[in-house]
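*Asks:* Predicted model and sequence follow; I will ask about them next.
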Amino acid sequence: MKTKLSAPLGLVAVALLSSAALAATETKTGEVKTTDTAKHQLSLASGETFDVGSHVKLDKIKVGEKVTVTFENKNGKMEASKVVPAK
């Protein structure tokens, strides 16, 4: 009986680890097109829009500034954890 349970449990573990790998952190560099402090969103000139956490100070980011955004794709949205001036 113990052997019959180990295979399905192994498959569940692999599925969970695969899901974690899909939520990998990415970065994108571009020019700021708009910021919306009410919606906590930042858009780049290339068309990407990021939801940003309240810890990111959008009022310090200026339109036209070149930034690097660190983000994860979650539930079909790009959620930014960090926005810094690009080098």
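*Replies:* Here it is on my side, so go on.
*Asks:* Pull the contacting residues for the residue nearest to Lys87 when sequence neighbours are not counted.
*Replies:* Nearest residue to Lys87, sequence neighbours excluded (C-beta to C-beta, 6 or more residues apart in numbering): Thr68, at 7.8 Å. Glycine gets a C-beta too; all of them are placed from N, C-alpha and C. By C-beta atoms under 8 Å, 6 or more residues apart in numbering, Thr68 lies in contact with 27-29, 83-87.
*Asks:* Show me where this protein has its strands.
*Replies:* Counting by DSSP state E, the chain has strands at residues 26-36, 41-44, 49-52, 66-74, 77-85.
*Asks:* These: which one's closest to Asp59?
*Replies:* strand 26-36 (7.8 Å; C-beta to C-beta).
*Asks:* Enumerate residues external to the closest one that contact any of its residues.
*Replies:* Outside strand 26-36, the residues that touch it by C-beta under 8 Å, 6+ apart are 41-46, 48, 58-59, 61-73, 86.
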